[in-house]
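1. coordinates only, sequence not included:
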Ligand code: AMP
């Protein structure tokens, strides 16, 4: 497995692979890898000839009071995990390689970023769209793999790729969970045992939405309120949002007549977790 720290070096690797007609798969990550990331990599291996993973804790997607400095960095373990699933190359640039001192160009997607996480993290998505554009330009993948765990991110990136005519396909991989239902996240490691147990309420609440939808409930406000009420029963959960939007359009919705995203964010102590589910009208 190759390890690159410089943009020029990974470019050379990609150019050679493309010359041989290889399909390039790309999995961008911030490291602290877990089974969610590995599932993306395995899918990339299935669909592509060469898989490149980036491990870069991107400063521009963190707000001033967020956990950039404290974000877990587990480099050696990450390399072993990448190797274990057959990744061909890891791109691990440092901050200066990605953002030289006089850097100042942003990519911003309008319309989808003012809701959900965009409301409580107003500069987050422009950080994501900017770094992902840079990484796409560097790696020039044929396919890029993202997790449904970050549902809004997926929708925003798909719009960016379409709006800017980026020549690649985005592949979305379902949410990977621990056995008890907690969505895998690099931030789960921050949780105390008590908070981790409390955090299971997110999955329980989202399941409630699914059950209601399957029983024929079509009032989205009612479903959303039921999810919120379920989370409110957990004293350690500090809700940031419980919201419902059409998926993938992220438009307000009152009647369950198409796919609807129910997305939640809540803090357990200082750790902010997100989770979501897509519900559909009964009988579909
Ligand atoms: P991150 O390192 O948190 O930026 O995540 C890198 C990629 O892994 C993103 O596309 C995430 O959506 C995806 N990912 C993170 N956690 C999960 C999970 N539990 N299930 C599926 N994909 C995930």
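-> Sure thing, it's come through. Bear in mind that the values here come from a model prediction, so they are computed numbers and not experimental data.
2. How about the stretch 51-200 of the chain: which residue is closest to the ligand?
-> residue 147 (2.0 Å; C-beta to the nearest ligand atom). Heads up, the C-betas are built off the backbone N, CA and C, glycines and all.
3. Show me what that residue is bridged to.
-> residue 173 (DSSP bridges).
4. per-residue confidence at it?
-> For residue 147, the pLDDT comes out at 98.
5. Begin at 6, not 1, for the rest of this chat.
-> That works, and once the first residue is 6, the last one we named lands at residue 152.
6. got a list of what it touches?
-> 41, 44-45, 159, 177-181 (C-beta atoms under 8 Å, 6 or more residues apart in numbering).
7. Please repeat the previous calculation with a cut-off of 10 Å.
-> 32, 34, 41-42, 44-45, 158-159, 177-181, 188-190 (C-beta atoms under 10 Å, 6 or more residues apart in numbering).
8. And for residue 239?
-> Residue 239 makes contact with 202-207, 209-210, 271, 273, according to C-beta under 10 Å, 6+ apart.
9. Do you know the pLDDT at it?
-> Confidence score, pLDDT, at residue 239: 98.
10. again, but for residue 288
-> 83.
11. Could you list the contact residues of the protein toward the ligand?
-> 34-35, 41-42, 45, 151-152, 154-155, 178, 180-181, 188-191 (C-beta under 6 Å from any ligand atom).
12. Would you agree residue 171 is in contact with residue 144?
-> No - assessed by C-beta atoms under 10 Å, residue 171 is found out of contact with residue 144, at 11.7 Å.
13. just to revisit the earlier point, mind checking which of the contacts of residue 239 land in strands?
-> Counting by DSSP state E, these place 271, 273 in strands.
14. of the contacts of residue 239, buried ones?
-> 203-204, 206-207, 210, 271, 273 (16 or more other C-beta atoms under 10 Å).
15. Could you tell me which of these belong to helices?
-> Applying DSSP state H to those, the entries found in helices are 203-204, 206-207, 210.
16. Columns pLDDT on top of these, output as CSV?
-> CSV is the format used below for those (pLDDT from 0 to 100):
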residue, pLDDT
203, 98
204, 98
206, 98
207, 98
210, 98
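17. Let me know the closest of the residues you listed to residue 106.
-> Of all those, residue 106 sits closest to residue 204, with 39.5 Å by C-beta to C-beta.
18. Please tell me how far the closest one sits from residue 78.
-> 22 Å (C-beta to C-beta, to the nearest Å).
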